[in-house]
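Chemist: following is a predicted model, sequence given first.
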Amino acid sequence: MFDRDLAPLATLIGDPARIAILAALAEGHALPAGELARRAGVHPATATGHLRRLVDGGLVVVHEQGRHRYHRLAGPRVAAVLEAMAQLAPATPVRSLRSVRAGKTLTEARTCYDHLAGRRGVELRDRLLEAGALRLIDDRDHELTPTGRRLVTVVGVDPHPLDRTRRVFARSCVDWTGRRPHLAGALPAALTHRLIELGWLTRAAGRGLRVAPDYDRRLDAWLSAP
């Protein structure tokens, strides 16, 4: 038996419109209610009601900016729950060539809240471990080695602020596309942001990321840097 009451959370997430809203917010951006209504395919007033329930349930937070209200996930743990659910859920029906292409993009590279996921996310974790940049602390958490601290500095990520954050540093997050872990936490979020800045990755529609043609060459050069 669980020592938590899961039924209210399951009910909250189980509505199709609310799960569509959460999926849109899992892209990592703060969005207004009107945009979330469009994404969920519901009337704005209906979306407002769903958002109120998600906020009351602790899954979504609201930021006010002047007269505007923007919504975002309450944190990376909510995104991790959605990612875990995706491992068990059946695939959505394929209705167009566009959806096929979008699915391939998400499988190859996407954001999971704010960090790299998909095949390229799994690959990045594997390569960092192989290069001796990361080591496992336990069965899911990682830390940077001296080599890793040098390498992230080389690519333009300062590890010192990451040491002081209250957020998980680098934790295994099972990827639904390959059933193998990518990295979640402060370090992979900072690395993903930096790789987008450098043009190794570019944002596509939704959560999708496009990989630069020379991505593999850049990754090899970085991880072998003296």
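Modeler: Okay, I see it.

Chemist: walk me through the domains of this protein.
Modeler: Split into domains by automatic domain parsing, the chain comes to 7-74, 93-223.

Chemist: please tell me how far Leu201 sits from Gly121.
Modeler: Distance of Leu201 to Gly121, given as Cβ to Cβ, to the nearest Å: 10 Å. C-beta here means a position set from N, CA and C on the backbone, and glycine is covered the same way.

Chemist: identify the contacts common to those two.
Modeler: Ala109 (Cβ atoms under 8 Å, 6 or more residues apart in numbering).

Chemist: what about the two, which has more around it?
Modeler: Legend: neighbour count by other Cβ atoms under 10 Å for Leu201 and Gly121, higher for Gly121 (28 against 21).

Chemist: strands along the chain, start to end?
Modeler: Ranges of strands in the chain, per DSSP state E, are 60-65, 68-73, 110-112, 115-117, 134-136, 142-144, 171-175, 180-184, 201-203, 209-211.

Chemist: out of the helices and strands in the protein, which is least certain?
Modeler: Every helix and strand of the chain was ranked by mean pLDDT, DSSP states H and E. The lowest is helix 97-108, at a mean of 68.

Chemist: closest one to Leu82 among the domains of the chain?
Modeler: Closest to Leu82 of these is domain 7-74 (Cβ to Cβ; 5.4 Å).

Chemist: and Thr48, how many neighbours?
Modeler: 15.

Chemist: which pLDDT does the model give it?
Modeler: On pLDDT, Thr48 comes in at 94.

Chemist: also Ala204?
Modeler: Taking Ala204 on its own, its pLDDT is 85.

Chemist: contacting residues for the residue positioned nearest the centre of the chain?
Modeler: For the chain, the residue nearest the mean C-alpha position is Cys112 (1.4 Å; Cα atoms, centre = their mean). Going by Cβ under 8 Å, 6+ apart, Cys112 touches 26, 79-80, 83, 121, 173, 175, 182, 184, 207.

Chemist: at 7 Å what do you get?
Modeler: 79, 83, 173, 184 (Cβ atoms under 7 Å, 6 or more residues apart in numbering).

Chemist: what bridges to it?
Modeler: Taking DSSP bridges, one obtains His115 as the residues bridged to Cys112.

Chemist: just the pLDDT at it, thanks.
Modeler: Per-residue pLDDT puts Cys112 at 84.

Chemist: now it: how far from Glu35?
Modeler: Cys112 sits at a distance of 21 Å from Glu35 (criterion: Cβ to Cβ).

Chemist: one more: Ala20?
Modeler: From Ala20 across to Glu35, the span is 12 Å (Cβ to Cβ).

Chemist: ok, now Trp200?
Modeler: Taken as Cβ to Cβ, the span from Trp200 to Glu35 is 28 Å.

Chemist: surely Leu73 meets Glu27?
Modeler: No - counting by Cβ atoms under 7 Å, Leu73 does not reach Glu27; the two are 9.5 Å apart.

Chemist: before we move on, the earlier item: so for Trp200 and Glu35, which residue has more residues nearby?
Modeler: Neighbours were tallied for Trp200 and for Glu35 using other Cβ under 10 Å; the higher tally belongs to Trp200 (20 against 17).

Chemist: need the contact list for the more buried one.
Modeler: 212, 215, 218.

Chemist: and what of Val62?
Modeler: 55, 69, 71.

Chemist: let's have the residues you listed in CSV, adding pLDDT.
Modeler: Shown next, in CSV, are those (pLDDT from 0 to 100):
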residue, pLDDT
Val55, 95
Arg69, 92
His71, 96
